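Trainee: Starting from these lines, generate the structure:
(one chain, ligands or ions: 1)
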Amino acid sequence: MEHFELNGGNRLKGAVQISGAKNAALPILAACILCEDEVTLHNVPDLADIRSMINLLNRLGVKSQRRDDGAIQLRVVDEMNCHAEYELVSKMRASVCVMGPLVAKRKRAQVAMPGGCAIGFRPVNLHLQGLEALGAESELTGGDMMLRAKKLKGTEMFLGGAFGSSVTGTANVVMAAVLAEGRTVIESAACEPEVTDLADFLNACGARITGHGTPRITIDGVAALKGCEHHVIADRIEAGTFAIAAAITNGELELRGARIEHLIAAIDCLRRVGVIIERGEKGISVSSTRRLEPVSITTQPYPGFPTDLQAQATALLCLADGNSIITEKVFPDRFLHIAELNRMGAQLRREGGTVIVHGVKKLVGAPVMASDLRASAALILAGLIAKGQSRISRAYHIDRGYERIEDKLSAVGADIRRVGE
Ligand code: EPZ
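Mentor: Below you'll find the model as predicted:
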């Protein structure tokens with residue numbers, strides 16, 4: 001199993017090319033199940049999760065190839081298999097995004113119910129509620145969600161849950177509604193840029209979606225979708241992660257391809273910490289003065305502070321001049337990074353869904369354990385500044401969501417390397 005070794009203390013300086021958004025590419029890949037013709041996708045990141053989705057689509061009769069220029073071409077060649085098996089879904093929860101397209105296009109779906117994961121309970125009740133509202137029948141058999149539908153019919157629905165809107169829940173229902181008869185209105189839809197990018201992709205294929213990016217999305221069903229050529233948006237979470245890397249090392253980075261309008265809440269927070277963030281000609285430029293101010297953060301669905309940057313912000317605030325308070329409202333158990341950061345000398349105390357951060361003068365390198373994608377990113381950020389060597393085991397977690405992170409960091413001055421066992 002591979003691990004990362006870092007020697008902390010280097011200031012990062014230079015330009016980083018931000019990759020395509022994992023969480024936009026995953027539902028867009030699943031949406032190819034709906035298309036009658038070939039699809040060409042540009043700016044799809046080369047990540048473990050993307051390869052898992054392509055593997056699943058292959059089993060579902062969607063053939064694909066990645067061209068030399070990096071674009072991925074996909075085409076449906078067989079519609080017989082509609083089963084997303086547990087061994088795939090358990091590895092990547094986003095596999096559930098095939099459910100809506102399968103029900104809409106093939107009138108049936110058998111998708112393993114995803115279990116829990118490192119960040120907590122991951123229910124799919126809103127996915128099922130939305131698909132049933134459109135006329136699908138569902139039952140749980142042997143851990144698989146079995147769905148059938150003669151013809152989906154548009155309707156009005158409320159898709160908010162106990163923790164607000166659902167990103168992939170909204171994606172699944174939108175993908176099903178594009179081929180339903182009549183109009184669908186989704187109230188309390190997710191507003192994330194990744195959902196907006198999916199809707200833009202579907203509209204380019206001939207769907208009729210309006211309101212995407214707002215809590216009310218309207219879809220007028222069409223008979224069929226053709227193919228299209230689409231450029232996936234930049235990954236705002238990777239951009240936010242590198243912005244924090246610049247801040248924590250008192251460096252300066254240009255985040256090429258990043259879009260400020262996709263990160264307003266995180267940028268507002270970092271500016272209050274004392275980080276200088278400006279719109280650059282090719283993206284976002286980030287620089288930092290040595291002093292970091294403590295702040296309070298509460299994660300919320302978009303446009304709020306993204307839960308996917310909570311662990312990374314926690315790492316940064318370990319070094320602020322004072323106490324910060326971070327409240328996790330989306331995944332209240334998303335704190336596996338706390339114990340590992342404390343091994344590096346942080347002073348973090350969890351109180352339910354909140355962590356109290358008592359700022360310290362320095363962190364000290366240590367061997368630590370990665371547990372999930374964003375917790376791993378937080379440990380790497382801490383390792384960039386910790387005194388001495390840090391060793392972060394289970395590198396595979398980070399590979400799920402960051403393309404060659406050690407290459408991108410080394411290129412701007414970090415002392416990091418991947419070590420295979
Ligand atoms: C997406 O997950 C992202 N993954 C997650 O990113 C991200 O953390 C999350 O949205 C929130 O922004 C992808 O897009 C592939 P949700 P998703 O449904 O769709 C509850 C990463 O690190 N909920 O928006 O699974 C749920 O338990 C990953 O890249 C229900 O109650 O998240 C949570 O508390 C991690 N019922 C809240 O809603 C449901 O049916 C938000 O979940 C669905 C969700």
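Trainee: any weak-confidence spans in this structure?
Mentor: 421 (pLDDT under 70).
Trainee: residues in it within reach of the ligand, list them.
Mentor: 23, 26, 93-94, 121-127, 161-163, 166-169, 194, 307-308, 330-331, 373-374, 401 (CB under 6 Å from any ligand atom). C-beta here means a position set from N, CA and C on the backbone, and glycine is covered the same way.
Trainee: try it again with 5 Å
Mentor: Within the chain, the positions adjacent to the ligand are 23, 26, 94, 123-126, 161, 163, 166-169, 307-308, 373-374 by CB under 5 Å from any ligand atom.
Trainee: out of those residues, which are buried?
Mentor: Buried members of the residues of the chain next to the ligand, counted by 16 or more other CB atoms under 10 Å: 23, 26, 94, 124, 126, 166-169, 307-308, 373-374.
Trainee: Mind checking which of these land in helices?
Mentor: Using DSSP state H, the subset of these located in helices is 23, 26, 126, 167-169, 373-374.
Trainee: Give me the sheet partners of the helix or strand where residue 297 lies and which way each runs.
Mentor: Residue 297 is part of strand 296-298, with elements assigned from DSSP states H and E. When pairing is defined by DSSP bridges, strand 296-298 lines up against strand 323-327 (parallel).
Trainee: C-alpha coordinates for the partner strand, CSV please?
Mentor: Once non-C-alpha atoms are left out, strand 323-327 reads as follows in CSV (Å, rounded to 0.1, in the frame of the first residue of the first chain):
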residue,chain,number,x,y,z
ASN,A,323,-9.8,29.7,19.0
SER,A,324,-12.0,28.8,16.0
ILE,A,325,-15.3,27.0,16.0
ILE,A,326,-16.2,24.7,13.1
THR,A,327,-19.7,23.2,12.9
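Trainee: Buried residues, the helix or strand just after the strand holding residue 297. List them.
Mentor: As assigned by DSSP H and E, the chain's next helix or strand after strand 296-298 is helix 310-317. Buried residues in helix 310-317, counted by 16+ other CB under 10 Å: 310-317.
Trainee: would you turn the residues you listed into CSV with distance to residue 147?
Mentor: Listed next are the buried residues of helix 310-317 as CSV, based on distance: CB to CB, whole Å:
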residue, distance to residue 147
310, 33
311, 34
312, 36
313, 38
314, 39
315, 41
316, 43
317, 43
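Trainee: Distance from the strand holding residue 297 to the middle of the chain?
Mentor: For strand 296-298, the separation from the chain centroid amounts to 20 Å (computed by CA atoms, centre = their mean, to the nearest Å).
Trainee: now, which of the buried ones among the residues of the chain next to the ligand sits nearest residue 35?
Mentor: residue 26 (16.0 Å; CB to CB).
Trainee: so what's that closest one closest to, chain neighbours aside?
Mentor: Excluding its sequence neighbours, the residue lying closest to residue 26 (CB to CB, 6 or more residues apart in numbering) is residue 94, at 4.5 Å.
Trainee: Is that neighbour in contact with residue 25, as I believe?
Mentor: No - at 9.8 Å, residue 94 and residue 25 do not qualify as touching, with contact defined as CB atoms under 8 Å.
Trainee: what touches both of the two?
Mentor: residue 53 (CB atoms under 8 Å, 6 or more residues apart in numbering).
Trainee: What segments of the stretch 51-200 of the chain are strands?
Mentor: 62-66, 72-76, 83-84, 108-112, 137-141, 144-148, 156-158, 183-187 (DSSP state E, counting those that start in this stretch).
Trainee: pretty sure residue 62 is in contact with residue 79, am I right?
Mentor: No - using CB under 8 Å, residue 62 is not in contact with residue 79, being 9.5 Å away.
Trainee: The two: who's more crowded?
Mentor: residue 62 (24 against 14; other CB atoms under 10 Å).
Trainee: Can you give me the separation between that one and the ligand?
Mentor: From residue 62 across to the ligand, the span is 18 Å (CB to the nearest ligand atom, to the nearest Å).
Trainee: before we move on, the earlier item: which one of the strands of the stretch 51-200 of the chain lies nearest to residue 215?
Mentor: Nearest of those (CB to CB): strand 183-187, 6.8 Å.
Trainee: Other residues contacting that closest one?
Mentor: 130, 134, 154-160, 170, 173-174, 177, 215-221.
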